[in-house]
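Visitor: What shape does this take:
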Amino acid sequence: MDGIAICFLDRTICGLTEYVHKAHFARAALESVAFQVCEIVDAIKFDSGVELSRIQVDGGMSHSNLLMQFQADMSAIPVCVPKMAEITSLGAAIAAARAVGCTEFFRGDSGSSSCDSDDYFKQRFLPKITPEERSQKYSYWKEAVQRSMHWNKNSRRDPKPTSPDGPSRFGVVAVAAVGGALTSLAVAGLVFLTVQKFKR
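Guide: The predicted model follows:
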């Protein structure tokens, strides 16, 4: 999450007891990802007034059923996992192949199914908790973040708290888009070089 500038990093771990072990750290890390995605969803709703109907995910973390279900619960939006896990890279590669006229890149009917079709998704995770449970967990997490910050006075980062009525964080999504674009350009360049090699 650090890549899209929504990570709260203050090099502080709070709430440890003698009963905490590595599984608690792993669970906390997964849940924090879902909570921070909720902040992006809130920012989109606050800035645009758009209510998202679903969240489409990809990448390695989409293989975690625990995280996907927790994300659906906390965002109150269905989470859809496509059959192709690395779909961002695939999209960049397809765009690059089309740009150089490499039709051999496509096999069969790959990419022909609609994002709304049942064939496109491997799994769908629907929210299962009540709005009261969701609100309680989300507010507890926000309070925990505030309590854990600013202990390290030498930290270079100064994360600022946000609230539903506070400053917009939609600009953060733009940062994510820039990062994704750079990745796509890199993949496109590799595909272009590969195509040129085969044409020789």
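Visitor: Contacts for stretch 51-64, please.
Guide: 30, 33, 37, 41, 44-45, 67-68, 71-72, 75, 77-82, 84-88, 115 (CB atoms under 8 Å, 6 or more residues apart in numbering). Where C-beta positions appear, they are placed from N, C-alpha and C, glycine not excepted.
Visitor: what comes up buried for that stretch?
Guide: Across stretch 51-64, burial judged by 16 or more other CB atoms under 10 Å covers 54-55, 57-58, 62.
Visitor: Over to stretch 24-33?
Guide: So, applying 16+ other CB under 10 Å, buried residues of stretch 24-33: 30-33.
Visitor: same question for that stretch, mean pLDDT?
Guide: What stretch 24-33 shows for mean pLDDT is 90.
Visitor: Among the buried residues of stretch 51-64, which lie within helices?
Guide: Secondary structure from DSSP state H places none of the buried residues of stretch 51-64 in helices.
Visitor: and which of those is nearest Phe25?
Guide: Ser62 (21.0 Å; CB to CB).
Visitor: Would you mind measuring from Phe70 to Glu132?
Guide: Remark: distance between Phe70 and Glu132 (CB to CB, to the nearest Å) = 17 Å.
Visitor: who's more crowded, the two?
Guide: Neighbour tally, Phe70 and Glu132, criterion other CB atoms under 10 Å: the higher count belongs to Phe70, 22 against 8.
Visitor: Can you classify that one by secondary structure?
Guide: helix (DSSP: H, G, I helix; E, B strand; the rest coil).
Visitor: can you pull the contacts of it?
Guide: So, once contact is read as CB under 8 Å, 6+ apart, Phe70 ends up touching 30-31, 34.
Visitor: May I have the residues that are in contact with Pro127?
Guide: 72-73, 75-78, 134.
Visitor: The same query, at a cut-off of 10 Å, please.
Guide: By CB atoms under 10 Å, 6 or more residues apart in numbering, the contact set of Pro127 is 69, 71-79, 134.
Visitor: Mind pulling up the pLDDT for His21?
Guide: For His21, pLDDT reads 89.
Visitor: And Asp118, by the same measure?
Guide: Looking at Asp118, the pLDDT reads 66.
Visitor: Also Gly59?
Guide: 88.
Visitor: What about the contacts of Phe70, which are in strands?
Guide: Secondary structure from DSSP state E places none of those in strands.
Visitor: show me where this protein has strands.
Guide: Counting by DSSP E, the strands of the chain are 55-56, 79-82, 121-125.
Visitor: Against Lys45, how distant is the nearest residue to Leu67 once chain neighbours are set aside?
Guide: Among residues not flanking Leu67 along the chain, Leu30 sits closest, at 4.7 Å (CB to CB, 6 or more residues apart in numbering). Using CB to CB, Leu30 is found at 23 Å from Lys45.
Visitor: ok, now Glu31?
Guide: For Glu31, the distance to Lys45 - CB to CB - is 21 Å.
Visitor: Next: Leu126.
Guide: For Leu126, the distance to Lys45 - CB to CB - is 19 Å.
Visitor: now swap in Arg134 and tell me
Guide: According to CB to CB, Arg134 and Lys45 sit 15 Å apart.
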